[in-house]
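> Give me coordinates for this.
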Amino acid sequence: MTDKLTEQRLAESMDLDRLPIEAAIKIMNDQDARAVAAVAEQREQVARAVEIVCAALQKNGRLIYVGAGTSGRLGVLDAAECPPTFGTEAQMVQGIIAGGESAMFRSAEGAEDREENGALAVDERNVSERDVVLGIAASGTTPFVRGALNRARERHAATIFLCCVEITAGEPTVDLVIRPLTGPEVLTGSTRLKAGTATKLILNQITTLSMVRLGKAYENLMVDLRATNAKLRDRSLRIVKILTGLNSADATKLLESAAGKVKVAVVMHRRKVDAASAETMLNDAKGYLRAALES
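As a prediction, the model looks like this:
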């Protein structure tokens, strides 16, 4: 029986334990580039994933990541970054990791071995036909993820499977498979390396482009960010300055009168209206700043 791609040995790193550090780093750099290339080959599938996710979110559905170990942590990380970046509610994008919240910080690798626990996690989130469940399993065989996807399908949710291996026995039946074949790892079997890199890139693409299509960006600016710290408050001000041409003092006053909301501030300035009228214009445009400015 041939080992899965993620468990095969990489010829270039056979002498990893005695290579000079710079030589070992070069091998890792070269392999990271292969991960990027593998993601590029899945462009069509990722585009379809964006369409599926965007359609669900537009109908008040949710994107729910499910994974174990590194895969689970990457899903939770991507979900956690959506509220500050895009101003989303916490429940819109969620992450489920085998072993629960503590597994984010301390290894709980045995938690991935029970399919029924994955199914239970889906039941606990009350997944429905409005939602998308995206299972992440670099090796393609994680029982927790398979159980979650199978139960999500039974509950009529849209299902997506992200893995880094060829088709494997018992692979869950889903609506879409994203399969970046990143190949053997520099450290055999350590899928936190290339496979993890590919996973992070794909999750970045799915949520970023879904949110852009939902009107969370104008041009390439994150106009729906939540200014919850000094860095983000500075970014909000900088975006308002860019889109209005105002100096710092005037942009600050405008942003304050808009209760810190970048979109409202820009509409107020460009359409010469007060904050309430700007809010109404944005609501009429379903939150799309470009539509509110051009209507």
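> residues contacting the spatially closest residue to residue 30 that is not a sequence neighbour?
Counting by C-beta to C-beta, 6 or more residues apart in numbering, residue 12 is the residue found nearest to residue 30 once chain neighbours are left out, at 7.4 Å. Backbone N, C-alpha and C define where each C-beta goes, glycine included. With contacts defined as C-beta atoms under 8 Å, 6 or more residues apart in numbering, residue 12 is in contact with 27, 30, 31, 186.
> any idea how far residue 12 is from residue 195?
17 Å (C-beta to C-beta, to the nearest Å).
> Same question for residue 207.
For residue 207 relative to residue 195 (C-beta to C-beta), the value is 19 Å.
> Looking at the two now, which is surrounded by more residues?
The residue with more neighbours, out of residue 207 and residue 195, is residue 195; 30 against 25, by other C-beta atoms under 10 Å.
> Hmm, that one is touching residue 181, no?
No - between residue 195 and residue 181 there is no contact under C-beta atoms under 8 Å: 9.8 Å.
> Which residues are in contact with each of those two?
Common neighbours of residue 195 and residue 181 (C-beta under 8 Å, 6+ apart) are residue 164.
> what residues are up against residue 140?
4, 163, 164, 165, 168, 171.
> From the residues you listed, list the buried ones, please.
Among the contacts of residue 140, those classed as buried by 16 or more other C-beta atoms under 10 Å are 4, 163, 164, 165, 171.
> closest to residue 68 among those residues?
residue 163 (12.4 Å; C-beta to C-beta).
> Give me the domain ranges for this protein.
Listed domain ranges for the chain are 5-213, 230-294 (source: automatic domain parsing).
> Any idea how far apart the tips of the longest one sit?
Pointing back at domain 5-213 there. End-to-end span of domain 5-213 (C-alpha to C-alpha, to the nearest Å): 35 Å.
> The residue nearest to residue 66 when sequence neighbours are not counted: what's it in contact with?
Of all residues not flanking residue 66 in the chain, residue 148 sits nearest, at 4.2 Å (C-beta to C-beta, 6+ apart). With contact taken as C-beta under 8 Å, 6+ apart, residue 148 is in contact with 66, 96, 118, 119, 121, 122, 133, 135.
> Check residue 211 too.
82, 85, 86, 88, 217, 224.
> And the pLDDT at the last one?
In this case it means residue 224. According to the prediction, residue 224 has pLDDT 93.
> which residues touch it?
Taking C-beta under 8 Å, 6+ apart as the test, what residue 224 contacts is 86, 87, 88, 211, 215, 216, 217, 262, 263, 287.
> wouldn't the fifth one be in contact with residue 289 here?
It stands for residue 215. Yes - in this structure residue 215 lies within contact range of residue 289 using C-beta under 8 Å: 6.8 Å.
> Neighbours of residue 209, how many?
Neighbours of residue 209 (other C-beta under 10 Å): 18.
> how far away is it from residue 57?
12 Å.
> for stretch 264-283, the distance to its chain's centre please.
Mean C-alpha position of stretch 264-283 versus that of the full chain (C-alpha atoms, centre = their mean, to the nearest Å) differs by 31 Å.
> ignore the last one, stretch 12-22
33 Å.
> buried residues in it?
residue 13.
> Relative to residue 268, how far out is the spatially most central residue of the chain?
What sits nearest the mean C-alpha location of the chain, by C-alpha atoms, centre = their mean, is residue 203, with 3.5 Å. As judged by C-beta to C-beta, residue 203 and residue 268 stand 35 Å apart.
> Same check on residue 78?
33 Å.
> and the helix or strand harbouring residue 211, how far out from the chain's middle?
Residue 211 belongs to helix 194-213 when elements are defined using DSSP states H and E. Put simply, helix 194-213 sits 5 Å off its chain's centre (C-alpha atoms, centre = their mean).
> Repeat that for stretch 160-171.
With C-alpha atoms, centre = their mean, you get 19 Å for stretch 160-171.
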